[in-house]
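**Student:** Any chance you could fold what I've pasted below:
(one chain, ligands or ions: 1)
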Amino acid sequence: MMRIETAPPDFDDSADAQIQECLNPAAPKSFFLYAGAGSGKTRSLKNALDGFRETHGAAFRRLGKKIAVITYTNAAADEIAERVGQDSLFPISTIHSFCWRHIETYQADIQAWLLETLPADLADLHEKQAKGRAGTKAALDRERAIASTTRRIEWLSVPRRFSYNPNGDNFGQDSLSHSEVLKITAAFIETKPSMQAVLVNKYPFLLIDESQDTNKALLEALFALAAANEGKFGMGLFGDTMQRIFLDGHPELERLVPDGWAHPVKRLNHRSPQRVIALGNVLRAPIDRQYQVAREDSDAGVVRLFVASSATPDKPGFEQRVRDRMAELCGDAAWQEEAEVKTLTLEHHMAASRRGFLEMFQALDRDSRLSTGLRTGDIAGLRLFTERVAPLVAAARAKDAFAVMAHLRATSPLLKRAAVVQTTTPDDPLRPVRAGVEALLALNPESPTTTFLAVLECVAKYQLFDIPASLRPFVADDHGPEATSADAIIDEEKLEPDDETVEVSPASLEAWRAFLETPFCQTPPFAEYVSDRGPFGTHQGVKGLEFERVLVILDDSDARGFLFSYEKLFEAKPLSDTDRKHLADATDGGINRTRRLLYVTCTRARKSLALVAYTQDPDAVVAAALRNKWFCSDEIERL
Ligand SMILES: Nc1ncnc2c1ncn2[C@@H]1O[C@H](COP(=O)(O)OP(=O)(O)OP(=O)(O)O)[C@@H](O)[C@H]1O
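**Tutor:** Residues are numbered from 1 along each chain as shown. Presented below is the predicted three-dimensional model:
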């Protein structure tokens, strides 16, 4: 068993004291708390706010000043609010809603920004169109994107007002996309003294949780703001670059943090038993050599690696045997209960393959810019099917007329336009609705031969739902007023990483085109997966969480993704030249991404941890696990 240092529970208490010193209104100082899994970063954030309220709260309230607390997801914001308690002194928001709140009053400047940016996007599309082969589907898609962007620029020729919903779909020509809101905010923070003054005066402190996933352009703008306002404004970053999951985050966050910032250190892991902490340490060693220590009152813990052939015929059966074996090894009968064990599939393709939505998933996963939205289900183009069409089909199939109408009333422009419809069909105002629903059912949406495209065309033809911008290039212009109006292309999926991306990228058009040719019947299992209602967890879903027993499944044969590869991490498959280059340059490649995912999932375990590696070369996996000192020989089993 690998040895690990232990320390008393108060080992890191000085970090909280250091943060408290930084949060001094008389001399604000920026800090970066960069610490590993389970070290109590969220707890330190709570302690910092509690301590501040006690010492400076009353004075701050009198002056109308606040500490802004920003995080990545609504779930994380809710989690912090629950831990800290609601307090107007500490407004807690997601990064997107924070940004929108601060730019929404700059309507004319937003328009000017778009008018500067869109022509460059358009030029990029034209260039790609000129280089690409004529007559292909991609060329057709680009042509439509060019038309939409041109229309959007024309639409901007008179003063306009813009809207944005941080939590939902941003349909319509006046709405901004998620990525636009972040980019505009970064640009305004950099260039607008009024925006800088508002931020600094209102929030002398800005705390960012999960800062490893914060959009890099925005972080850079905030770093510049902090540098220009030293002594008046302090930023506090909480995070762990080893747990960076969204490709939007800054890959070199630590290097970017200015030297003058405080660097409180937390090395004690309060969550996991010693063996799990030791595994986390060896996994992250090649990245940053941060070694955690265990609490002196912690358990030794149990970790096992089960190695099996990727050709294993009954994988669920194999995993049940693994759980039974873990129950025996840990003396913990709860391992035998599926519900008592958190199974983390890590790689979504694996879940996709097991749950029956692989084709649609793989199609969209071609474009890395869609990957985050795809994994959270948070792309307007997908939500059209998961949240609008699929529930309608389910209610109509169940002959639940009430549910059909309630759903359409809440979501369909057909019913919003009921008054108009009434004048054209006074005898039966609901006739168009019925016709649309009947047409949808007539497509036989449960059949594996019914494509998303067929469903989309039906939705557009009967105007059942608004068509999101990303899908508009695929429906003919005569499909209803939404499509014929001078709508802007505003892609939701540009929540995704690449800042240089034009709003309508050819790659995303190709991905959507491929997606539309896959079966619509894959929607329900996909929707269940992304909503985390299924038995499998996703790595994004579990970040920040902890579970007693964790079962991590590594399986590239199901995964088939190019973003991650366990076979390569476990040296069962040779590295490509690109992999080698990334490793040599210490840049972000598939191997390190895989390593980070493995780190995030393994470090969720509070008691015991099992990994199941399905591989083409079991001997190589075992040899690599031993050589890298991830496991010792009595921790590896081949059932
Ligand atoms: N000082 C402490 N004393 C006792 N328990 C603690 C302490 N700090 C943290 N914990 C516990 O350790 C666990 C991990 O804490 P927390 O979630 O704050 O860590 P984190 O650094 O945000 O984790 P991660 O980065 O892995 O999401 C929680 O169960 C928390 O209650």
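
**Student:** burial count for the closest residue to the ligand within the stretch 1-150 of the chain?
**Tutor:** Sorted by distance to the ligand under C-beta to the nearest ligand atom, the residues of the stretch 1-150 of the chain start with Gly40, at 2.8 Å. Just so you know, the C-beta spots here come from the backbone N, C-alpha and C atoms, and that holds for glycine as well. Gly40 sits with 19 neighbouring residues when counted by other C-beta atoms under 10 Å.

**Student:** And for it, nearest residue in space, chain neighbours not counted?
**Tutor:** Setting aside the residues directly before and after it, Gly40 is nearest to His270 in space (C-beta to C-beta, 6 or more residues apart in numbering), at 5.4 Å.

**Student:** separation between the one you found and the ligand?
**Tutor:** From His270 across to the ligand, the span is 3 Å (C-beta to the nearest ligand atom, to the nearest Å).

**Student:** So Val550 belongs to a helix, correct?
**Tutor:** No: secondary structure of Val550 (DSSP: H, G, I helix; E, B strand; the rest coil): strand, not part of a helix.

**Student:** got a list of what it touches?
**Tutor:** Listed by C-beta atoms under 8 Å, 6 or more residues apart in numbering, the contact partners of Val550 are 341-342, 344, 601-602, 604-605, 608-610.

**Student:** Could you say which of the residues you listed is surrounded by the most neighbours?
**Tutor:** Ala605 (31 neighbours).

**Student:** Who does the nearest residue to that one once chain neighbours are set aside form a beta bridge with?
**Tutor:** Closest residue in space to Ala605, ignoring its immediate chain neighbours: Val550 at 4.1 Å, by C-beta to C-beta, 6+ apart. In this entry, Val550 is beta-bridged to Lys342, Leu609, by DSSP bridges.

**Student:** pLDDT wise, what is Val550 at?
**Tutor:** At Val550, the predicted lDDT confidence score is 94.

**Student:** neighbours around the closest residue to Leu471 other than its chain neighbours, how many?
**Tutor:** Nearest residue to Leu471, sequence neighbours excluded (C-beta to C-beta, 6+ apart): Gly381, at 5.0 Å. When neighbours are counted by other C-beta under 10 Å, Gly381 registers 28.

**Student:** Assign Gly381 to helix, strand or coil.
**Tutor:** Secondary structure assignment for Gly381 (three-state DSSP): helix.

**Student:** got the contact list for the residue nearest to Gly40?
**Tutor:** Neighbours of His270 in contact, by C-beta under 8 Å, 6+ apart: 9, 38-40, 43, 295.

**Student:** Also Ala139?
**Tutor:** Counting by C-beta under 8 Å, 6+ apart, Ala139 makes contact with 129, 132-133.

**Student:** quick one: which of those residues is most hemmed in?
**Tutor:** That'd be Gln129 among those, by other C-beta under 10 Å, with 16 neighbours.

**Student:** Next one: that residue, what pLDDT does it get?
**Tutor:** Predicted confidence (pLDDT) for Gln129: 89.

**Student:** so it touches Asp141, yeah?
**Tutor:** No: here Gln129 lies out of contact with Asp141, judged by C-beta atoms under 8 Å, at a distance of 10.0 Å.

**Student:** And the strands in the stretch 251-400 of the chain?
**Tutor:** In the stretch 251-400 of the chain, the segments counted as strands under DSSP state E, counting those that start in this stretch are 268-269, 293-295, 302-309, 341-344.

**Student:** Up against the ligand, what does this protein have?
**Tutor:** The chain has residues 9, 37-43, 240, 243, 270-271, 544, 546, 603 near the ligand, with proximity defined as C-beta under 6 Å from any ligand atom.

**Student:** Please repeat the previous calculation with a cut-off of 5 Å.
**Tutor:** Within the chain, the positions adjacent to the ligand are 37-43, 270-271, 544 by C-beta under 5 Å from any ligand atom.

**Student:** Out of the residues you listed, name the two that are farthest from one another.
**Tutor:** His270 and Gly544 (13.8 Å; C-beta to C-beta).

**Student:** So which residues of the stretch 151-300 of the chain form helices?
**Tutor:** 178-191, 193-202, 216-228, 253-256, 274-288 (DSSP state H, counting those that start in this stretch).

**Student:** returning to what we had before: just send the contacts of Ala139 back as a markdown table, with secondary structure too.
**Tutor:** A markdown table is the format used below for those (three-state DSSP):
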| residue | secondary structure |
| --- | --- |
| Gln129 | helix |
| Gly132 | coil |
| Arg133 | coil |
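
**Student:** before we move on, the earlier item: the helices of the stretch 151-300 of the chain: lowest mean pLDDT?
**Tutor:** Note on the helices of the stretch 151-300 of the chain: lowest mean pLDDT is at helix 253-256, with a mean of 77.

**Student:** Of the residues of the chain next to the ligand, keep whichever come out buried.
**Tutor:** For these, a burial check counting by 16 or more other C-beta atoms under 10 Å picks out 37-42, 270-271, 544.

**Student:** mind putting these in JSON lines, distance to Ala186 included?
**Tutor:** Conversion of these to JSON lines gives the following (distance: C-beta to C-beta, whole Å):
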{"residue": "Ala37", "distance to Ala186": "29"}
{"residue": "Gly38", "distance to Ala186": "32"}
{"residue": "Ser39", "distance to Ala186": "29"}
{"residue": "Gly40", "distance to Ala186": "31"}
{"residue": "Lys41", "distance to Ala186": "25"}
{"residue": "Thr42", "distance to Ala186": "26"}
{"residue": "His270", "distance to Ala186": "35"}
{"residue": "Arg271", "distance to Ala186": "34"}
{"residue": "Gly544", "distance to Ala186": "25"}
